[in-house]
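Engineer: just the structure for this:
(one chain, ligands or ions: 1)
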Amino acid sequence: MTTFPPPSFADRFQQRADERSPFCLGLDPSRDVLARWNLPDTVQGLSDFCERLADAAGETLAMVKPQSAFFERHGPEGLVVLQRVLKRFRAAGTLTLLDVKRGDIGSTMDAYAQSLFGKDSAYDVDAATFTAYLGLGALAKTVELARYHGACAFIVVRSSNPEGEPLQNAVGKDGRTVAQAVADGLRKLNDKAGRGLYPAGAVMGATLPPADRDVVERLGGALMLTPGIGSQGAGFGDLPKLFSGRERQVIPTAARSVLEAGPDVAALKRALEAHQAPSRSFREGA
Ligand SMILES: O=c1ccn([C@@H]2O[C@H](COP(=O)(O)O)[C@@H](O)[C@H]2O)c(=O)[nH]1
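Structural biologist: Here you go, the predicted structure:
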């Protein structure tokens, strides 16, 4: 039986994070990772990678983040594998976030959102990523649809890569940077959705300097997905300088630094715990 309205993504995340850990595992089956796992760079290799990772994770993870690009690379059959792995993690009580960074005019965004959120959609994910380059207003209905389905739209505010800085820190006519303006707009979308629901989340790189603390504050109570840990150079020890006081809003995420432990399932389990333990400690303010 389905409940209406459904519990919010924010509530579901907090529950899973308390039970398991706030860590979100990135599923990035690149050509390099498949080769390292002695798997062919084919749909079968992709499928075997997903099954092995799901075996290693069991029911230990709060959240996974498949990177759509690595599935799209294999065409429509790759997307079937993506649907299957999403279903498998859902069955393990793990929240799913599709990293697909959609961003377009409003009418097209409606179609993207319809493909992502809701039981009858193609992917039925709990969350997905979006970009605001075509304006936050163009994402308003997407956030509304996410709220309706108890899902979350994570909008890139400050990305983890150095190339994002000049654009995101460009100063507009009103004196705010682009990132500050996106953060302010994202907060308004959450305020409009109603108390405590937070259907709009933010992507805020773990690699960012302390100066970005101001952007974090502008986001209010929004959840923050923080890529950049591990292979991009940030560590769990970098989280407090940007996010202290907001620990329960942070979703630390990493892909390669876990996946490089594969294909051995026992080694993968150890790598997962090596990411989950510091994620828990950070959340508890330890
Ligand atoms: O600002 C961003 C937004 C998204 N990503 C994505 O996260 C993973 C990171 O993978 P690692 O192997 O842990 O570096 C990847 O899918 C990116 O597309 C990001 O890195 N930064």
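
Engineer: pLDDT weak spots in the stretch 51-200 of the chain?
Structural biologist: Scanning the stretch 51-200 of the chain with the threshold set as pLDDT under 70 gives no residue ranges.

Engineer: by proximity to the ligand, which residue of it wins?
Structural biologist: Sorted by distance to the ligand under Cβ to the nearest ligand atom, the residues of the stretch 51-200 of the chain start with residue 159, at 3.2 Å. Just so you know, the C-beta spots here come from the backbone N, C-alpha and C atoms, and that holds for glycine as well.

Engineer: touching, that residue and residue 202? I think so.
Structural biologist: No: under the contact definition of Cβ atoms under 8 Å, residue 159 does not touch residue 202, with a separation of 10.8 Å.

Engineer: neighbour-wise, which of those two wins?
Structural biologist: Here residue 159 and residue 202 are set side by side on neighbour count (other Cβ atoms under 10 Å), and the busier one is residue 202, at 26 against 21.

Engineer: regarding this protein, what is its longest helix?
Structural biologist: Using DSSP state H to assign secondary structure, the helix with the most residues in the chain is helix 265-283.

Engineer: what lies in contact with it?
Structural biologist: Residues outside helix 265-283 that contact it (Cβ atoms under 8 Å, 6 or more residues apart in numbering): 17, 20-23, 25, 52-53, 55-57, 60-61, 229-230, 236, 239-240, 247-248, 250, 252, 254, 257-258, 260-262.

Engineer: close to the ligand as well: tell me which of those residues qualify.
Structural biologist: Of the entries in the contacts of helix 265-283, those that also sit close to the ligand under the rule Cβ under 6 Å from any ligand atom are 230, 254.

Engineer: list buried residues within the contacts of helix 265-283.
Structural biologist: Members of the contacts of helix 265-283 that pass the buried threshold by neighbour count (16 or more other Cβ atoms under 10 Å) are listed as 17, 20-23, 25, 52-53, 56-57, 60-61, 229-230, 236, 239, 247-248, 250, 252, 254, 257-258, 260-262.

Engineer: among those, which lie within strands?
Structural biologist: When strands are assigned by DSSP state E, the members of these inside them are 25, 250, 252, 254.

Engineer: and which of the residues you listed is nearest residue 209?
Structural biologist: Taking Cβ to Cβ as the measure, residue 250 is the one of those closest to residue 209, at 16.7 Å.
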